[in-house]
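Trainee: Make a model of this:
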Amino acid sequence: MTTVHRPDLADLRRDAAACTRCELHAPATQTVFGEGPASAWLMLVGEQPGDREDVEGAPFVGPAGRVLDTALQRAGIDRDEVYVTNAVKHFRFERAGKRRIHKTPGVTHIRACRHWLDGELAAVRPSAMATLGAVAAKALLGSGFKITKERGRVLEWEGHQLVPTVHPSSILRGPPEAREEALSALVADLEVVARLRP
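Mentor: Numbering: from 1, shown residues only. Okay, here's the model as predicted:
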């Protein structure tokens, strides 16, 4: 019987810190690797780190992270039992004066980073996954994937149960009067995820 090698998250994080697989490493402050227990039953995959994440070196610690924490709490999921990462590990941005404005990562960036995401999946072996936003969903499910049609549904992906939903930042970008409704919709999707807990 052959045993499948299970990568060590600490080793992956160390190796990813020196990643130069695409040009995004040059302007970024640092690699933002995933965080959470290696025993996590759930892996959340976002798009890429934002400005705050790039500075702090941790995923979902900025405004979108606070929205995610609220949604997880309302859905009955403890963030401490979740592994949180991004499809792309460096912040892609363009400058507007002193500000750094988010720029959507391209297919080449997603492909360059797939090595790290595959390593995280092999190390954590979550029983359930959720993608946050269209970029993350398309990174795993293909370019034809439509988040508006499939969000909140349990899909099978490479032996995992996967639920696609919106990125928490989309709630912040929407009109203020619609935020509570949008947050409730995200919570509903995460409640579907919560029911997948082993």
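
Trainee: Residue 165: what's it in contact with?
Mentor: Residue 165 makes contacts with 130-132, 147, 151-152, 186, 189-190, 193, as judged by CB atoms under 8 Å, 6 or more residues apart in numbering. (C-beta placed from N, C-alpha, C; glycine too.)

Trainee: Please name the nearest non-neighbouring residue to it.
Mentor: Distance criterion CB to CB, 6 or more residues apart in numbering; nearest residue to residue 165, sequence neighbours excluded, is residue 189 at 3.8 Å.

Trainee: swap in residue 155?
Mentor: In space, residue 155 is closest to residue 162, 5.0 Å off (CB to CB, 6+ apart).

Trainee: circling back: next step: the contacts of residue 165 restricted to helices.
Mentor: 147, 186, 189-190, 193 (DSSP state H).

Trainee: roughly how far apart are the nearest residue to residue 57 once chain neighbours are set aside and residue 18?
Mentor: Spatial nearest neighbour of residue 57, chain neighbours left out: residue 30 (5.1 Å); criterion: CB to CB, 6+ apart. Distance, residue 30 to residue 18, by CB to CB, to the nearest Å: 10 Å.

Trainee: How about residue 61?
Mentor: 22 Å.

Trainee: Over to residue 167?
Mentor: Distance from residue 167 to residue 18, by CB to CB: 28 Å.
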